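quick one: sequence and predicted model below, then my questions.
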Amino acid sequence: MKLKNLSIGFVSYLAALCLTASACTSDSGEAGSPSARAQALVDATTELQSASASIQTDLLSTCQAMATDLDIADSELAPAGDETETEAACRAVSTKIDAIVEANFTAQASLEIIYVPAQCEFSIDAAASCTGECDANFNAEADLQCDAGKLSGTCEASCTGSCSVEASASCSGECSGSCSGTCDGNCNGEANNGGGSVSCEGACEGTCEGSCSATCTAEATGQCSGTCTGECSVEMQAPHCEGEAHIEAEASCKASCEAQAEAKAECTEPEVTVVADASFDGNVEVQALVTTLEANWGVLLSIFAKVGLLVSASADVVTQLTAFVEAVGQSVLSISADLIAKVQASATAMADVSVDVSVSASVSTSMQGSVAGAGGA
């Protein structure tokens with residue numbers, strides 16, 4: 001509410017200036033100008049709105065799919081009070097999982113849920129372009145940081161670090177999906193002992209020698225035909241960074257461009273393997289839980305990872321929108337009437353985005369807690 005009031009006051013103030021001091025003509029729009037910073041905040045709001053809406057849609061469809069798998073009645077999916085449709089569907093699924101766990105699981109009988117955590121990557125080039133257009137003092141090489149070992153991309157020369165290849169028919173490394181071959185480690189699937197390794201058809205916790213249904217990651221020793229993570233002997237093409245964006249720039253530009261990068265980040269959907277205790281054979285409820293977790297838990301893990309990025313990003317943009325409104329309201333700046341309207345809309349929209357992201361975060365926590373009770377998340 002405070003943000004909306006500030007934005008309305010800001011617009012009223014500048015509208016008066018337009019009539020009396022001609023202060024609403026457009027400035028240069030160059031990097032570092034008020035218009036450039038305002039536009040970056042508007043763009044960040046647009047990207048956060050889009051990402052938040054996508055998450056709400058994906059959460060709803062996934063929880064509805066799980067509800068079908070778990071035979072939850074439609075009446076139980078109806079929102080109660082001021083619940084959203086998404087909250088209601090995911091709440092019903094969490095409640096059902098809790099009931100299945102309470103009725104069937106003990107210290108001696110549980111599920112093992114195996115997956116590689118979801119990873120989110122943002123485009124280095126897009127983040128640099130955004131910040132360069134907003135802050136005239138930005139230096140991409142010095143002011144855009146990616147944590148050690150988190151930079152990846154296409155390396156057309158020698159790669160030092162690791163090389164990841166999707167759905168590799170020839171894997172000699174860690175497989176994020178099902179390994180078909182030998183597993184030097186623990187095979188969670190059909191396995192036959194064979195010396196120091198086992199013949200495996202399933203998830204391999206160790207080194208897979210054979211084919212991999214998802215991503216195969218191995219130590220890079222030179223040429224990498226997939227994605228190189230680490231260092232490349234020449235400039236890396238289409239570079240991406242895993243995790244949160246770290247940009248050193250003017251405060252509003254930093255918040256805006258980090259938010260845009262994280263809103264557009266792509267998060268992997270882990271392949272999930274669920275191993276049930278033999279005592280559950282023939283248990284219809286538990287088998288339904290196994291089926292829906294293998295089909296949908298990877299999707300939710302990807303959503304949860306993206307929500308984690310948006311929580312901090314949306315809060316930072318709200319803070320900078322508020323600061324921008326207050327700063328402009330105290331001085332006469334050249335900024336177009338159209339951009340004033342856009343900033344007002346952004347301030348109002350971010351109040352709703354913050355609520356949506358908060359709802360998604362709450363649903364994420366509840367769902368993860370329920371699945372953790374089954375023994376493996």
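That came in fine, so what should we check first? Numbering: from 1, shown residues only.

so which residues of this protein form strands?
111-114, 120-123, 144-145, 151-154, 159-166, 171-175, 178-194, 197-212, 215-222, 227-232, 237-242, 246-247, 266-267, 273-276 (DSSP state E).

the nearest residue to Ala126 once chain neighbours are set aside and Cys120, how far apart?
With sequence-adjacent residues excluded and distances taken as CB to CB, 6 or more residues apart in numbering, Ala126 is closest to Ala261, at 6.3 Å. C-beta here means a position set from N, CA and C on the backbone, and glycine is covered the same way. If you measure Ala261 against Cys120 using CB to CB, to the nearest Å, the figure is 10 Å.

please apply the same query to Gln237.
From Gln237 to Cys120 the distance is 20 Å (CB to CB).

among those two, which residue is more densely surrounded?
More neighbours surround Cys120 than the other of Gln237 and Cys120, with 19 against 12 (other CB atoms under 10 Å).

hang on, that one packs against Glu242?
Yes - contact criterion CB atoms under 8 Å: Cys120 and Glu242 qualify, at 6.8 Å.

please enumerate the helices of the stretch 251-377 of the chain.
Ranges of helices in the stretch 251-377 of the chain, per DSSP state H, counting those that start in this stretch, are 251-263, 284-328, 337-372.

could I get these as JSON lines with distance to Ala140 and mean pLDDT?
Converted to JSON lines, those look like this (distance: least, CB to CB, whole Å; pLDDT from 0 to 100):
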{"stretch": "helix 251-263", "distance to Ala140": "11", "mean pLDDT": "95"}
{"stretch": "helix 284-328", "distance to Ala140": "20", "mean pLDDT": "91"}
{"stretch": "helix 337-372", "distance to Ala140": "26", "mean pLDDT": "84"}
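
what about those helices, which gets the closest to Cys183?
Nearest to Cys183 among the helices of the stretch 251-377 of the chain is helix 284-328; the distance by CB to CB comes to 19.2 Å.

gap between that closest one and the chain center?
Relative to its parent chain, helix 284-328 has a centroid offset of 6 Å by CA atoms, centre = their mean, to the nearest Å.

got it, and stretch 68-81?
Relative to the centre of its chain, stretch 68-81 is centred 27 Å away, using CA atoms, centre = their mean.

again, but for stretch 242-253
Distance, centroid of stretch 242-253 to centroid of chain: 16 Å (CA atoms, centre = their mean).
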